[in-house]
Each structure stands twice: as structure tokens, then as C-alpha cells.
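**Q** let me see the structure of the following:
(one chain, ligands or ions: 2)
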Amino acid sequence: AAMVKETIRVYARVKPPGRRQQAGIYSVDDDEKSLSSLEIIVPHDLADGFVNNKRESYKFKFQKIFDQEAKQDVVFDSIAKPVAECVLTGYNGTIFAYGQTGSGKTFTITGGAERYSDRGIIPRTLSYIFDQLRKDSSKVYTTHVSYLEIYNECGYDLLDPRHEASRLEDLPKVTIMEDPDQNIHLKNLSLQQATNEEEALNLLFLGDTNRMIAETPMNQASTRSHCIFTIHISSKEPGSATIRRSKLHLVDLAGSERVAKTGVGGHLLTEAKYINLSLHYLEQVIIALAEKKRSHIPYRNSMMTSVLRDSLGGNCMTTMIATLSLDKRNIDESLSTCRFAQRVALIKNEAVLNEEMDPKLMIVQLKKEIQELKDELALVTGKERTSELSQDELLQLDELIETFLEDNDPDSTLDVGADMRKIKYCFVHVKQLMNHSKISDKKLLSQHISEEKDTNKEAGEEELKKLKELLQQRDNEINILVNMLKKEKKKAQDALFQLNAASAGSTVLEQSHSINSEESQSPSSCFSLKEAKDFSSSVHRLPFLSRQTGGKMSLGCQEAFEVFKRDHADSITIEDNKQLLNQRFTEAKCLGEKLNEVRNKINHLKGEINQRHIQRAALAISSPSEELYTLDPVEEKLRTEIEEEKKRYKTMFNRLKGLKVEIEHLQLLMEKVKVKLQKDFEVWWSEESINLQQENPEMVSSPNTTTVYPRFIKSSQHLSTSSFSETTRVSPNEDPAGKNNSITSNNPTLKTRTPPISSTSIPLTGDSQADADILAFIKARQNILQKKGKSCQ
Ligand code: ADP
Ligand code: MG
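**A** Ligands and ions are numbered 1, 2, ... in the order given. Alright, predicted model coming up:
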């Protein structure tokens, strides 16, 4: 098999500074032809504090350096696109981001949470890959994705639907299995099929949301865990038994920061350990690989190095992005990130084309070959058969032909054995069928004209008369049909008009299929903007509130959430995106209306061509002349016009498709921010409850204890795997009673007591839960007011 030897490509990306701009800490030299170099300058005041052997400046080479202003599309084009291309041809690929927390790993790999233009390598790669797959009709492709999180040496399936209902530690762990050929397999990691960009993107967001939900202050998943999003592609040429399989790992590693040890005299010791043990093992693997003569590479020390074994020194095209946050405080971390990168750049990988035979297909192919050889032999030995085919044999043949014609599998064959009479019969039969379908397919009149073209013009009077009669008949038929068509069209237009009034966008989208049949075949072009609109409005509805246990979340809690929402920074993002989304909807609607116009124009032109046909046919009857058998220039002109309109239609259609992807992405971003808002509220609320309990012990007098801890339904109705047609799965842990969803009474950590009714003048409901909520809310509101008052003084 084809093999590519290559060292790991290493890039650097420098994050824009937060607030204070510091000049002169580093410089980028792009002059050289192949590699760029990054110089980090240690400021004097810092260098003085270090041990003496510190130099003042350090230089590092990178494939390319993306400075602060580099945009996501540029990063994608130069880093990820080449890797995606290799993966499409059957090689494995890996892109991993390495750097300290806050240096931009997640921003680079997944993207920012606010803007569409900030989407990172994963969404852009998905979009690119599915675009390429759509364009290549020579192969049959299958795509799956998986999303693995490694936290504390344990693997979790971020796409496991049980994530919503269970705690992280209750989920089945993903474990590593090694087969006799030392190939790594991951048990309990689901592969979800994704047939288009939209489905894949939904899975990405589902995984990210699951990760966020599982994160608690104690479990700082986003800085301490590694995330591996993998795209699995397999391809096969029709009729071939060879399958190509490739994987693309997109890896967001844990923060690379080290524990700085303070030595004697308060000096920082240069030797420092990683916070994350598995990154320490990763470095050991890298060191071992970079040393030429090492035979043992300690992959097995950690789960991460086991999973990425092929990406490091194995069968894979690998790329690393060193993310740097280059300000004064981070000089040391940046230096160690660059040093790590320089070692990685020495590693050589050998990527091979991953081809394998499908044994089942091989058997089928070999059987076929044997049969063909047998048939050939029979033909050559020429066993003569004199008798005609029997009635039974003929029936059997008809049946065979029918099954063959109905079978959509390109591999299917019509096998009648080595009998020339049967073979001939089949050909005749198929010919008849073809002629028949031609006649019924073609427009009756044009067929008639072309038939006339073919007839001998010197045919006798008799023949001409017969033809004229036939023509008259057909003419009548056509007139009737045209009338019917007109009526249908009018009806359709009326209906269209009504629908348009309701929602122009979606109408056009549904109708667009009738024109562009080749596009309507791809599932991704089945637009459903109407659905999307419902989605966007659900952001106001806050469905999780209405789905609380017992049908209600206490009023106090609800109101508090409203206040919280208003004061929360993320609300601005939601509002901004909501506006942007509305704008996009308007654009899409506008485009939809224009598409409609073009469509009507095309239909109109088609109508004119029909009219033209009828006119010419009538002319042919009244005054037959040579000219009528030649091409009609008017019709030609109409046809070119139609072609042009179709081109316009197609461009607009593609623009609409792009808009649709953007709209979906924005919706997913909003959903993510929304979940985060809920989580923040949960934390805030529980803190407030605890404070309340501590500050007002006099309220604690009732023996009834209940927990005031609002938990939202993990609001994933829009994200959960079960909303996909392909990957429908019903979670076994779905809890109809909703006992996981809201204020739980079995949470031992957060308890507060119901205040006695007499101790307050507030009209309480008597429902202990609701009352506790109301009191908590009032207290919380006081706190807010106090804080606001303080900040005003
Ligand atoms: P990490 O994943 O390495 O901990 P993040 O990707 O979360 O870091 O980045 C930290 C913050 O900096 C985020 O708010 C992110 O949006 C922002 N950020 C990172 N890189 C860039 C960049 N190149 N341009 C703009 N903002 C960035
Ligand atoms: Mg991160």
C-alpha cells in the first residue's frame, strides 16, 4: 500500500492579549522560505529574578506562526484542510492543540461561543469533508463520529445519551482493548453515524453540552481533561471489494501548565511537574520517539497516549498547534510549550493507505467469476439446443428480467446461464421495454414530430392521411392536457400565494425540489426553516421551566431566574445572536422570495415553449413545409433563457444553503450559552440558599427539611441524539417521573428548613417547597439590591 513518511508538522498560534498590551515580549520572523521563527524575549526584571543561567531570548522554529490577528478561516486553510484532504483519500490524520489553559486550544479546535466567524477547526472540517463527499459520486462513503473525553485516566463517551440523566461516575467507562495485532479498540465508545454536516454538527454540540453539564467546580473538566473528536470515514467503489477506512482525530488537550515548585530562597525551580499526569506521559512518549535509537516507547502508561498511539510515530499524518498566551506572566509556560513543540517536530510518522478487503464481497465476486468461467466453457464447447424455449422457461426469464431491472444495486447482474437462446430473448425483451418507456416518457408531441422526421418523406398519400389523423388526435389530447395544466398551475399558484403570506422562506424551499431534482436527492438540502423558526422562538419559551416536576417550578425561583438572566453577561450574547439570527432569517426569506420569482419565470418560459410546439404542430397540418422539420430558433432562444434562469436559480439556491448552515450554527451556539446560563444559575441559587441558611438560623425551626436546589432539565431536547432520524436511540434511563429534573429531596448536601408560617408576613402558599423558594428569592433579591447599592456609593 502507498505510504507517506513525514515528520509531525508543528504550528504556533499566539492569542490576542486580554487587556494590557505588552510590546517587545516576542517577535515573529516570517522571512525564511520554509520555516518561521518565533523569538521570545525575557524581560530584564523577570530574568533577574531567575537563576543565572537564564538567557534573555529564545528562538523556536515552526512550520508557520499565526500571530494575534490570524483569523479562523486562515488557520483552517493552512492547518486543517491539507489533513482533511489526506483523510479523504484514506490516510489517518490527527490535529492536536497543546498549550496552557487560556491560550486558545478550545478556540482553535472547536471555536468561540459567540460569533459564527469564530467557528473553529472541527465545524469547518466537517463542512469541508461533507462538501467533498457530496462532490465525489465515484465512491460510496459512510461517515461516523465519536467524541471521547479523558479525565483522570478514565474515558467517557460524550455522545452517550445517558449523559443527560446520569452522573459522570455512573456512566460506563470507555476502556482500551488491544487485539492480537496490537490494534487499539475502544470499548463503550459509541460511533454515531452522521450522514451530513448538520447531523455531525449536532453531535459536536451535544458532546460539548454534555461536557459542560458534567463540569463542576471540583471537576474542572475543560482544563483538566482531554477531548478527542474523531471523524471516521469509509469508502468503497461500487463493485469493488476494497474498503478504505480513515480516521481524523481532532484533539483538545488538557492545559499544559506545570506546578511551579518554589525552591530555597523563593526562586522558582525550572524543573516542574505537569498538573496533569497524562501530559507528563505524553511528554515521555515524545522524548522517547525523538531519540532515534529507542525501541521501547511507553505508550501504555496512559490512556491518552494509547489512544493516540498511531498519531505519534505511527500510521498517521499528524499536526500539532502550540497555542501561546504570550504575556509577561506566562513567559515560562510559553517557553515550555515551545520546547515541547520543538521535540514533537522531530518525530517521524509513516502514514499508510488504509485498505482492506471485505471478505463477504470477495466471496460474491469469486462466485460470480466461477460462474462466468463455467458459462464461457459451455459456450465454447457449444452444446447445441434445438428446441424452442418452453412457456415455463419464458415466464421464468420474464421474472428474472423484472427483478434485475428493479434491483437498484449497481452490482446486480442478470444471470440466465450459458444459453444463447435465453440471452437473445433477454436482449429482445429489454429492447421492447426500452422502446415502450421511451414513448411514455417523452412529450407526446415532440415524439410525434421526431417520428415524422424519421419517416420517409416520399411516403404515399395514404400514409400522410393516416399521419394527419393521428396528429389531429394528438393535438386534441394536447389541448386538453394544456388546459388541465393551466388549471393545476393556477391552483398551485393560489396555494403558493397563501403559503407565501404565511412564510415565504419555507414554501420555496419545499418547492425547490421539483426543479432541482439532483439537489433534492442530497438529504442535506432538505431545508426546514420553518422548524428552525420554532426552535428560535423556544429560546424565549424556556421549555425546561415548564417541564419541572409536578408541572411547575416555584414562582420565586422562576422570577429569580428572570432577574439572574437579565443581569448575566451571557444574556447579551444571546440577544446579539438572536438579532443576528433574525437578520439571517430575513435574508433567507428574501432569497426564498427571489427563488420563487425565478422559478415562476422558468415555468413561464416552459409554457411558452409548449405554446410554440402547439403552434408549429398546427402549422404542420395546415401547410406542411420543410422548414417545420428544422430547429425552431424561437424555441432555442427560450431554451437558452431557461438555462440562464436555472443558473441563477442554482447560485441563489447555494447561497440559501450557506445561510442555512449559518443559521443552524447560530442556533446551536445559543443553545449552548443557554445551558451555561442555567448551570450558572443553579450554582448561584444553591450558594444563595446556603447563605440564607447560615445568615438566618432563626428560620430553621420546622423539622421538615427540603432541598432548595433548582435543577433544570438538562435542556437538550434540541440536541439529544434521539432527535436525529438516523441515530434514533431511546435512552433507557429516561425518567418519566422527572425525578432527576428538579428540586430533589434526596440531595444530602444542600438542605434548608422550611420556615414556620407565623414568622413572616409574606403570604405563603403552605406548600413547603414553594415557600422555601419564595423566601430564598426574597433574600437573594435583597442581596442583589444591597450589592447594587454598594456599587453605587
Ligand atoms: P484553552 O482552551 O486553551 O483553555 P480557550 O480557547 O478557552 O483556551 O481561550 C481562552 C479565551 O481566549 C476564550 O475566551 C477565547 O474565546 C479567547 N481566545 C483564545 N484564542 C483567541 C483568538 N485567537 N482570538 C480571539 N479570542 C481568543
Ligand atoms: Mg479549553
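**Q** ok, Gly207 touching Leu159?
**A** Yes - counting by CB atoms under 8 Å, Leu159 is a contact partner of Gly207 at 5.5 Å. Just so you know, the C-beta spots here come from the backbone N, C-alpha and C atoms, and that holds for glycine as well.
**Q** more crowded one of these two?
**A** Gly207 (26 against 23; other CB atoms under 10 Å).
**Q** ok, Thr379 - contacts?
**A** Not quite, residue 379 is Leu, not Thr. Counting by CB atoms under 8 Å, 6 or more residues apart in numbering, Leu379 touches Ala418, Met420.
**Q** which is the next helix or strand following the helix or strand it falls within?
**A** Using DSSP states H and E, Leu379 maps to helix 359-381. Reading on from helix 359-381 to the C-terminus, the next helix or strand found by DSSP H and E is helix 391-406.
**Q** and that next one, what's buried?
**A** Neighbour-count burial for helix 391-406, counted by 16 or more other CB atoms under 10 Å, picks out Leu397, Leu400, Ile401.
**Q** any shared contact partners between Gly207 and Leu159?
**A** Tyr147.
**Q** buried residues in the helix holding Leu379?
**A** Leu361, Gln365, Asp375.
**Q** might one say that Lys606 is in contact with Ile642?
**A** Yes - assessed by CB under 8 Å, Lys606 is found in contact with Ile642 at 6.9 Å.
**Q** neighbour count: those two, which is higher?
**A** Legend: neighbour count by other CB under 10 Å for Lys606 and Ile642, higher for Ile642 (18 against 13).
**Q** number of nearby residues for the residue nearest to that one when sequence neighbours are not counted?
**A** Take Ile642 and drop its neighbours on the chain: the residue closest to it by CB to CB, 6 or more residues apart in numbering is Leu605, 4.9 Å away. A count of neighbours around Leu605, defined by other CB under 10 Å, yields 20.
**Q** so Leu605, which state does it fall into?
**A** Put simply, Leu605 is helix when judged by DSSP: H, G, I helix; E, B strand; the rest coil.
**Q** who does His185 bridge with?
**A** Met177 (DSSP bridges).
**Q** returning to what we had before: if I pick the residue nearest to Ile642, what's in contact with it?
**A** Per CB under 8 Å, 6+ apart, neighbours of Leu605: Leu638, Glu641, Ile642, Glu645.
**Q** and it, how far from Lys674?
**A** Computed as CB to CB, to the nearest Å, the Leu605 to Lys674 distance reads 48 Å.
**Q** how about Glu291?
**A** Distance from Glu291 to Lys674, by CB to CB: 50 Å.
**Q** for the two, indicate the residue with more neighbours.
**A** A direct count of neighbours by other CB under 10 Å for Glu291 and Lys674 places Lys674 higher, at 23 against 11.
**Q** the more buried one and Glu575 touch, don't they?
**A** No - taking contacts as CB under 8 Å, Lys674 lies outside contact range of Glu575: 11.9 Å.
**Q** tell me where the stretch 601-750 of the chain has strands.
**A** 705-706 (DSSP state E, counting those that start in this stretch).
**Q** any stretches of it with poor pLDDT?
**A** 624-629, 689, 691-750 (pLDDT under 70).
**Q** all good on my end, thank you.
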